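**Student:** prediction below, plus the sequence it came from.
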Amino acid sequence: MARVTRTLPALAAGPVEMPFAIVSWSEDFAHDTAWNEHSHPFHELLWNERGASTAVVGARVWTVTPTLGLWMPAGTLHSGLAVAGTWCRANFFGFGTMTSISPTPVGVEITPLLRLLLERLADTELSSHSRAVTEAMVLDVLTPSSRELLLHVPASDLLRPIADALRENPGDPRTLTDWASHLGVSARTITRAFNAETGTSFARWVAAVRAQHAVALLARGWEVEAVAEEVGYRSASAFGAAFRRTTGLTPGAFRAR
């Protein structure tokens, strides 16, 4: 299936005329759709009603799902991709209407309450009073999450072969010892490099790669058992437990959405 590419400008953070303090946007994508590196003058909360999308800021890659959103501060350069079948949602926060919940991109848990409030703001016929109350409630409950589907992509000559191979094939079974032997270094050297470049261990980094890839495959309609095998788990139950720890949903529930 062909990928559609959209081009948006890079705009600095600042005031811009908006009909409401928080503006809603949504689109259901029939094709894989990519966005070039761009930025908005307003803050942005990205989330999905269905499916999976990614946002890239430098060497950091976030996956956005129905339960894990992403706060993108105004003026932050980012690119993105939504896989076919994804129903993307976003809310734009007028610059100056609030203090950013974070000066840098950060994951946001889309709780049932937050979802209801955001869906209410999508009603353009909402009265001025009801909109003001709902917007105030959104700002009150909108906080960074301790969970996020975030991958720091290493760029050093030592780790790039590992990163490229695993992102191309998350089911690659090679262990830390295998990679050390392949690259002619010690396992300890790779461990130190991963901690220094990504802030996490080799094992946790591999788990993040697999989780992001699994989300994309499930969004495309793959069966749970096939996804588990594709991303390197020996059983669907082991995959399901890991997936739920990361996303807050079982693979079956995510696929159904």
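**Tutor:** Yep, that arrived. Predicted, not measured: the structure shown is a model, and the values here were computed from it.

**Student:** can we go C-alpha only for contacts and neighbour counts from here?
**Tutor:** OK.

**Student:** where does pLDDT dip in the stretch 51-200 of the chain?
**Tutor:** Within the stretch 51-200 of the chain, the segments meeting pLDDT under 70 span 97-99.

**Student:** all strands for it, in order.
**Tutor:** 53-57, 60-64, 68-72, 78-82, 87-93, 106-109, 149-152 (DSSP state E, counting those that start in this stretch).

**Student:** quick one, domains of the protein?
**Tutor:** 4-149, 155-256 (automatic domain parsing).

**Student:** can you give me the helices for the chain?
**Tutor:** Applying DSSP state H to the chain gives helices spanning 112-121, 128-141, 160-168, 176-183, 187-198, 202-219, 224-230, 236-247, 251-256.

**Student:** tell me which other helices or strands the fourth one touches.
**Tutor:** Right, the one you point to is helix 176-183. helix 187-198 (3 or more CA pairs under 8 Å, 6 or more residues apart in numbering; DSSP states H and E).

**Student:** just checking, what packs against the helix it packs on?
**Tutor:** With contacts taken as 3+ CA pairs under 8 Å, 6+ apart, helix 187-198 sits against helix 176-183, helix 202-219.

**Student:** need the contact list for the residue most central in space within the chain.
**Tutor:** In the chain, the residue lying closest to the centroid (CA atoms, centre = their mean) is T63, at 2.0 Å. T63 makes contact with A52, S53, T54, A55, E148, L149, L150, Q212, according to CA atoms under 8 Å, 6 or more residues apart in numbering.

**Student:** beta partners of the closest residue to it other than its chain neighbours?
**Tutor:** Excluding the flanking residues, the one nearest T63 by CA to CA, 6 or more residues apart in numbering is T54, at 4.4 Å. Per DSSP bridges, the residues bridged to T54 are T63, L81.
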